[in-house]
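Peer 1: sequence first, then the predicted structure, then my questions.
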Amino acid sequence: MKKVLSLCLAMLLLPASALSETVVTSFYPIYLFALNLTDGLEGVEVRNLAAPGTGCLHDYQLQTGDMKVLGTADAFLINGAGMESYLSGVFETFADLPVVDASAGIALLESCEEEGHEHDHEHEHLYNAHIWLDAGNAAIMANNLAEGLMQALPQHAEAIALNRDAYIARLTALDQELTAALGDLPRKDIITFHEAFPYFASAYGLNVAAVVARDPDDALSPRALAELVKTVRSLGVPPLFVEPQYEDMAAQTLSRETGAKIYTLDPVVTGPETDVPLTFYEDVMRANMQVLIEALSE
């Protein structure tokens with residue numbers, strides 16, 4: 001009897017985190033998917049590795065705090081396709097940690113490199129990793145993540161499967177809505193300031209006529225600006241699309257030189273840290289849809 005009481009007391013004294021399962025995600029889009037898949041699961045905590053304001057993981061380096069978070073993880077959910085360049089360190093340090101790759105089975109697009117731009121080839125991705133911006137891909141990603149979660153948390157498998165089915169139904173409806181709304185727009189060409197939207201464009205009948213910088217921190221040289229001015233004018237001055245996470249000084253300069261209008265598309269890589277709506281991905285994608293309808297109907 002004393003042993004039983006001692007055991008119960010020890011369990012009560014344990015921190016809450018020790019009595020729950022922890023799912024860690026690499027960055028914000030995967031965090032959004034994981035929140036939907038684990039919705040209502042008692043004792044399951046989802047923690048996002050990169051801060052909600054980090055954006056895409058360009059040259060992201062693991063911090064000491066990241067390693068502590070991963071040390072508590074029962075599963076680590078990643079985008080894959082080359083987005084997480086630090087994975088070798090994770091594999092070496094946490095050899096037994098289940099890592100779930102959301103990109104499995106998705107046809108990847110090659111990463112482009114604009115003429116006149118120099119990039120650090122040591123860190124260059126062979127493929128474009130922004131796969132989540134095609135809602136059809138997002139449904140595949142959600143299924144991949146769910147399968148991994150069901151293996152890592154078998155006691156919650158039934159609930160995860162139900163969440164997966166409901167979420168994929170919503171993502172499929174979103175994909176169909178985007179296809180119907182964007183398929184017949186009179187203009188198709190867009191110019192972006194980051195290599196984030198090729199999957200979106202390919203899925204919904206648009207054409208990324210030029211990418212100003214493959215990575216958002218790439219500097220725009222005078223020569224590159226002059227070439228872009230020629231490109232914009234030759235294409236009939238299509239709209240320019242910037243992202244809310246990054247500076248738009250180059251876009252402002254290009255707009256002044258050509259008269260092209262500037263619009264904002266959100267790649268869904270940042271968002272609220274707490275009280276996150278489960279529909280956040282869908283809400284932002286629908287907002288992008290409305291921006292494109294406005295920009296490409298003129």
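Peer 2: Nice, I can see it.
Peer 1: domains in this protein, by residue range?
Peer 2: Using automatic domain parsing, the domain parsing of the chain gives 10-102+125-173, 183-267.
Peer 1: I'd like the ones you listed as JSON lines, with mean neighbour count appended.
Peer 2: In this view, the C-beta of every residue, glycine as well, is placed from N, C-alpha and C. Shown next, in JSON lines, are the domains of the chain (neighbours: other C-beta atoms under 10 Å):
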{"stretch": "domain 10-102+125-173", "mean neighbour count": "18"}
{"stretch": "domain 183-267", "mean neighbour count": "18"}
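Peer 1: can you tell which of these is closest to Val276?
Peer 2: domain 10-102+125-173 (6.1 Å; C-beta to C-beta).
Peer 1: hang on, the earlier thing: got TSV for the domains of the chain, with distance to Glu294 and mean pLDDT too?
Peer 2: Shown next, in TSV, are the domains of the chain (distance: least, C-beta to C-beta, whole Å; pLDDT from 0 to 100):
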stretch	distance to Glu294	mean pLDDT
domain 10-102+125-173	19	90
domain 183-267	7	89
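Peer 1: want to throw those domains into a markdown table with distance to Phe280?
Peer 2: What follows is the domains of the chain, written out as a markdown table (distance: least, C-beta to C-beta, whole Å):
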| stretch | distance to Phe280 |
| --- | --- |
| domain 10-102+125-173 | 6 |
| domain 183-267 | 11 |
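Peer 1: nearest to Met285, out of those domains?
Peer 2: Closest approach to Met285 among these is made by domain 10-102+125-173 (6.2 Å; C-beta to C-beta).
Peer 1: tell me where the stretch 151-298 of the chain has helices.
Peer 2: Using DSSP state H, counting those that start in this stretch, the helices of the stretch 151-298 of the chain run over residues 157-182, 198-203, 222-234, 249-258, 280-296.
Peer 1: just to revisit the earlier point, any idea which of the domains of the chain gets closest to Glu273?
Peer 2: Short answer: domain 10-102+125-173, nearest of these by C-beta to C-beta, at 4.5 Å.
Peer 1: pretty sure Arg233 contacts Thr258?
Peer 2: Yes - assessed by C-beta atoms under 8 Å, Arg233 is found in contact with Thr258 at 5.9 Å.
Peer 1: please identify the buried residues of stretch 100-109?
Peer 2: Going by neighbour count (16 or more other C-beta atoms under 10 Å), the buried part of stretch 100-109 is Val100, Asp101, Ala102, Ser103, Ile106, Leu108, Leu109.
Peer 1: report the contact partners of the third one.
Peer 2: This means Ala102. Neighbour list for Ala102: Ile30, Phe33, Leu77, Ile78, Asn79, Gly80, Ile131, Trp132, Met141, Ala142, Asn144, Leu145 [criterion: C-beta atoms under 8 Å, 6 or more residues apart in numbering].
Peer 1: in a helix, the last one, correct?
Peer 2: This means Leu145. Yes - per DSSP: H, G, I helix; E, B strand; the rest coil, Leu145 lies within a helix segment.
Peer 1: so it makes contact with Leu37?
Peer 2: Yes - because the distance of 6.0 Å satisfies C-beta under 8 Å, Leu145 is recorded as touching Leu37.
Peer 1: roughly how far does the residue nearest to Thr253 when sequence neighbours are not counted sit from Ala251?
Peer 2: Distance criterion C-beta to C-beta, 6 or more residues apart in numbering; nearest residue to Thr253, sequence neighbours excluded, is Leu225 at 6.5 Å. Using C-beta to C-beta, to the nearest Å, Leu225 is found at 11 Å from Ala251.
Peer 1: in this structure Ser297 contacts Asp184, no?
Peer 2: No - contact between Ser297 and Asp184 fails when scored by C-beta under 8 Å: they sit 10.0 Å apart.
Peer 1: which of the helices or strands spans Val100?
Peer 2: Per DSSP states H and E: Val100 is located in strand 99-101.
Peer 1: and that strand, which strands flank it?
Peer 2: Partner strands and pairing direction for strand 99-101 (DSSP bridges) are strand 75-78 (parallel).
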